[in-house]
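Peer 1: Predicted model follows, preceded by the sequence.
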Amino acid sequence: MMSKNSFLASIKENNKRRTWLWIVASLFWFFYYPVAMAMLMSRKRGDNIMDNLVGDAARLRLVQAAEGWLSADRILTAVCVCTAAVVCAIQGFSYLYSRKKVDMYHSVPVKKSRRFAVIFVNGTLIYLIPYTVSLLFALLVAGINGGMNVRNLQMGLTALLLHGILFLGVYGLTAIAVMLTGNLIITLFATVILLTYEMVVAWIPQWYGSEFYNYYSYYSCDDMMFFSPLRWFGQAAEAAAKTKEGIGVALRTEWIALLAGLLLAAAFAGIAYFCYRKRPAEAAGRAMAFAKTKPFVKILLVIPFALLVTMEIRDLVGMGNTALFAAFGMVAAVVLGSCVIEVIYEADIWAAFRKKSQILISGICTAAIYCIFCFDLTGYDAWVPRQEELQDAVFLFLNRDSRLNHVDENLVYMDVREYALARPGVGDTEAVCQITAKKDESGHREDAMWCDVAYRMKNGRVVWRKIPIDSGEVELLDRIMGSREYKEAAYPLYADEAYESIRQHKVKELYFSNGFKTENLAVKDMDELRSAWKQDMEGLDYSTLKGEFKTGRFTIVLEKNRRASLTYDIYPSFEHTLTFLKEKGIRAEGYLDVESIESIAVTNFHNELREAMAREAGRPEATEEIDWDALSVSRTFTEEEDIRDLAEAIYPIDMGVEWKDDDVSNNYFVTIHYKDGETDSSNYRGSNNARLITEKIPDWLEQATAYE
């Protein structure tokens with residue numbers, strides 16, 4: 001027999017006024033999980049019938065469809081969980097909005113701690129029980145239809161755990177919003193602000209830094225979202241969705257995110273309870289429950305609002321009278337924001353200008369932050385590392401090394417910054433400091449290469465800058481890019497420990513491509529290929545990248561994760577690698593077999609005419625009014641001699657020109673047409689499009705594609 005004073009009895013009593021929420025939650029999750037899964041499985045089974053898929057292929061489609069719906073990183077599910085948390089928190093404590101209900105509840109001889117615990121726990125159960133039951137039914141439906149495997153079961157249980165942590169975090173944050181406010185509308189605004197404020201505050205320095213600093217690196221601002229349940233959930237969910245080595249591996253890797261999410265939820269619940277105990281009964285119906293929080297909330301809202309408005313006005317104005325309009329926008333935003341918030345506080349339009357001191361404080365703080373960035377009062381751009389204080393430096397040429405993938409030992413893709421910082425940087429501090437000191441001079445050159453650099457100081461501090469490097473600084477760049485540390489950070493396969501972790505996974509495919517033709521290699525030869533490639537990489541430096549066109553590349557595809565394919569370039573000076581390929585019967589010299597080509601189509605865009613017409617018009621934007629297609633001239637060449645001449649100049653568009661963009665013409669676009677039966681042009685792993693190497697373009701081509 002249940003005691004009337006037991007906690008469960010109190011839960012049952014609280015449920016009497018929350019029956020409608022139980023019904024809505026149960027129906028929603030029932031339709032979202034088991035019903036939607038049944039519909040999804042039915043559609044995929046129909047697709048299998050239409051596509052004549054049977055056996056493992058048919059089952060794979062069902063399994064993948066179920067995995068997509070059960071995945072913890074599905075945005076729609078996360079939005080639904082957050083919505084449920086907001087609704088449960090507001091509905092549970094909604095009596096606080098009414099003075100009569102507050103008097104009624106508080107007249108009952110129940111401790112505040114007991115009442116808070118009953119409402120809080122009951123709100124959690126309203127989400128947890130329907131969600132869990134519906135998820136289990138969805139797993140059952142997927143299993144009956146052949147869409148289940150061990151991984152999908154893990155995905156479902158992981159979703160249950162991660163969504164539970166997300167719910168508790170948003171639930172606790174919304175409960176705080178309820179305690180701090182006195183009516184529904186303000187509570188909703190407060191909830192949105194609490195969820196997004198940290199993200200906005202973290203984004204402002206990035207926007208201002210990129211606007212005012214010449215050498216700003218986006219990596220300068222670390223991830224500052226420490227108090228948002230969305231951050232920790234997203235981090236753990238992304239890792240769980242990406243790894244193919246089992247969900248347990250991902251969760252062990254991201255245990256800090258899980259623990260942080262739980263601790264954050266517990267902290268929010270504690271803060272909500274503290275505010276609940278201190279909340280005055282007369283706060284019902286007011287905008288803010290605690291009068292002492294009003295000025296702090298106002299100032300903390302007005303400052304980022306004014307900063308955002310000021311920068312937006314700068315962008316709208318462009319180059320003209322920027323400072324004047326920015327100052328006007330800042331003053332207007334501070335005054336308007338302060339007045340609106342004060343009117344909301346007092347529910348009186350005439351109260352707009354009552355707290356003039358708070359307007360002044362907000363304005364001063366906003367102007368101070370703006371001036372710090374505008375006049376670089378911190379010396380951000382002027383900073384240059386001292387050699388005696390510098391330990392090493394990590395160089396990231398992201399726009400040039402973007403083709404390289406970085407994965408950890410579990411084949412989970414890593415952020416390039418995270419990967420690089422986990423390894424030693426370039427230890428030639430003399431070269432690093434010299435090339436950094438020349439940034440002001442290099443920044444004025446059109447051929448400057450921009451690079452994100454992490455300077456790791458001996459005191460443990462990491463300083464990021466994005467600096468321009470003169471492409472003519474060959475000697476310094478060779479010292480930096482020819483170092484072992486740079487290669488291990490830029491080319492994961494070069495590092496022995498990284499290669500050993502890759503070898504622990506089953507390799508599905510190994511192949512070579514020269515941009516046009518793809519040749520399969522035996523997986524058992526991977527060690528030999530990597531050994532030859534690493535020997536050649538010992539001599540790789542900036543001079544190699546700048547002076548040689550790629551002759552091809554090889555790709556390793558790992559069976560556990562198709563997306564974790566690792567591709568590395570091969571250059572003409574890579575003697576050991578080319579010898580290995582030759583021994584395997586692969587011709588790596590030259591891109592094309594002329595005998596297999598039917599014709600070559602060349603399009604001359606005549607960029608020089610476009611630029612001349614723009615100059616004549618006297619305004620750069622005039623290029624948008626030019627009929628681009630009318631200026632282009634296309635010709636198809638079928639004569640063997642013409643084909644041979646063009647083949648000498650052709651460079652596969654699929655190979656990329658990260659370091660040699662200036663050596664390849666942007667004026668021509670080439671399409672190769674092969675003879676019937678030839679397979680050099682792969683429909684799946686190659687391209688028949690190309691560009692022309694500037695210095696090898698035949699003299700007759702310009703006349704042959706002249707604009708008439």
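Peer 2: Looks like it arrived, so ask away.
Peer 1: all contacts plus neighbour counts: C-alpha atoms, from now on.
Peer 2: Noted.
Peer 1: just so I have it, where are all the helices in the stretch 351-500 of the chain?
Peer 2: All helices of the stretch 351-500 of the chain, identified by DSSP state H, counting those that start in this stretch, fall at 356-374, 398-401, 416-421, 429-437, 439-442, 474-481, 484-490, 496-503.
Peer 1: From N688, how far off is G552?
Peer 2: In this view, G552 and N688 are 15 Å apart by CA to CA, to the nearest Å.
Peer 1: just Y131 next, same as before
Peer 2: Relative to N688, and taking CA to CA, Y131 is found at 52 Å.
Peer 1: Of those two, give the one with the bigger neighbour count.
Peer 2: Y131 (23 against 20; other CA atoms under 10 Å).
Peer 1: what does the average pLDDT come to for whichever strand or helix holds that one?
Peer 2: Y131 belongs to helix 112-144 when assigned by DSSP states H and E. In this model, helix 112-144 has an average pLDDT of 93.
Peer 1: tally of neighbours for R279?
Peer 2: Using other CA under 10 Å: R279 sits among 17 other residues.
Peer 1: Pull up the per-residue confidence for it.
Peer 2: On the pLDDT scale, R279 gets 90.
Peer 1: ok, it to A66 distance?
Peer 2: Taken as CA to CA, the span from R279 to A66 is 47 Å.
Peer 1: same question, A704
Peer 2: 57 Å.
Peer 1: now swap in W383 and tell me
Peer 2: W383 is 53 Å from A66, where distance means CA to CA.
Peer 1: Now P385. Nearest residue, chain neighbours left out?
Peer 2: C433 (6.4 Å; CA to CA, 6 or more residues apart in numbering).
Peer 1: Would you agree that neighbour is in contact with R386?
Peer 2: Yes. Assessed by CA atoms under 8 Å, C433 is found in contact with R386 at 7.1 Å.
Peer 1: So which of the two has more stuff around it?
Peer 2: C433 (17 against 12).
Peer 1: residues in contact with the more buried one?
Peer 2: 384-387 (CA atoms under 8 Å, 6 or more residues apart in numbering).
Peer 1: could these go into TSV alongside pLDDT?
Peer 2: Shown next, in TSV, are the contacts of C433 (pLDDT from 0 to 100):
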residue	pLDDT
V384	92
P385	93
R386	93
Q387	94
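Peer 1: and which of these is nearest to E608?
Peer 2: V384 (40.7 Å; CA to CA).
Peer 1: Phi, psi for I650 please.
Peer 2: Dihedral angles of I650 (phi, psi; degrees, to the nearest 10) stand at phi -70, psi 140.
Peer 1: Count the neighbours of it for me.
Peer 2: 25.
Peer 1: my guess is it contacts L692, does it?
Peer 2: Yes. With contact defined as CA under 8 Å, I650 reaches L692; the gap is 4.7 Å.
Peer 1: Need the overlap of contacts for those two.
Peer 2: With CA under 8 Å, 6+ apart as the test, I650 and L692 both reach V670.
Peer 1: Mind listing the residues bridging to M457?
Peer 2: Per DSSP bridges, the residues bridged to M457 are L390.
Peer 1: measure it to E695 for me?
Peer 2: Applying CA to CA to M457 and E695 gives a distance of 44 Å.
Peer 1: higher neighbour count, the two?
Peer 2: The residue with more neighbours, out of M457 and E695, is M457; 18 against 10, by other CA under 10 Å.
Peer 1: ok, now which ones touch the more buried one?
Peer 2: Here M457 is in contact with 389-392, 463 (criterion: CA under 8 Å, 6+ apart).
Peer 1: For the buried ones among these, write the corresponding ChimeraX selection.
Peer 2: Listed next is the ChimeraX selection for buried residues among those, using 16 or more other CA atoms under 10 Å:
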select :390,391,392,463
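Peer 1: between the contacts of M457, which is closest to N122?
Peer 2: Set against N122, the nearest of these by CA to CA is V463 (48.2 Å).
Peer 1: In contact with F373, which residues?
Peer 2: Residues in contact with F373, defined by CA under 8 Å, 6+ apart, are 208-209, 212-213.
Peer 1: Quick check, central residue of this protein?
Peer 2: For the chain, D415 is the residue whose C-alpha lies nearest the centre (CA atoms, centre = their mean; 8.7 Å).
Peer 1: In the stretch 601-708 of the chain, where is pLDDT below threshold?
Peer 2: Along the stretch 601-708 of the chain, the model assigns pLDDT under 70 to residues 614-628, 677-686.
Peer 1: repeat that with 80
Peer 2: Of all residues in the stretch 601-708 of the chain, those with pLDDT under 80 make up the ranges 608-630, 676-687, 708.
Peer 1: Helices of that one, start to end?
Peer 2: Going by DSSP H, counting those that start in this stretch, the stretch 601-708 of the chain shows helices at 607-617, 628-631, 640-649, 699-704.
Peer 1: ok, back up a step: and the contacts of M457 as TSV, adding pLDDT?
Peer 2: Below are the contacts of M457 laid out as TSV (pLDDT from 0 to 100):
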residue	pLDDT
E389	94
L390	95
Q391	94
D392	94
V463	92
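Peer 1: with the contacts of M457 in mind, which one is nearest to Y273?
Peer 2: Among the contacts of M457, and counting by CA to CA, the member closest to Y273 is V463, at 41.0 Å.
Peer 1: which ones are touching that closest one?
Peer 2: V463 neighbours (CA under 8 Å, 6+ apart): 220, 454-457.
Peer 1: let's go with 10 Å and repeat that
Peer 2: 217, 219-220, 383, 385, 393, 453-457 (CA atoms under 10 Å, 6 or more residues apart in numbering).
Peer 1: distance between the ends of stretch 10-24?
Peer 2: Rule used - CA to CA; the end-to-end distance of stretch 10-24 is 22 Å.
Peer 1: With that, I have no additional questions.
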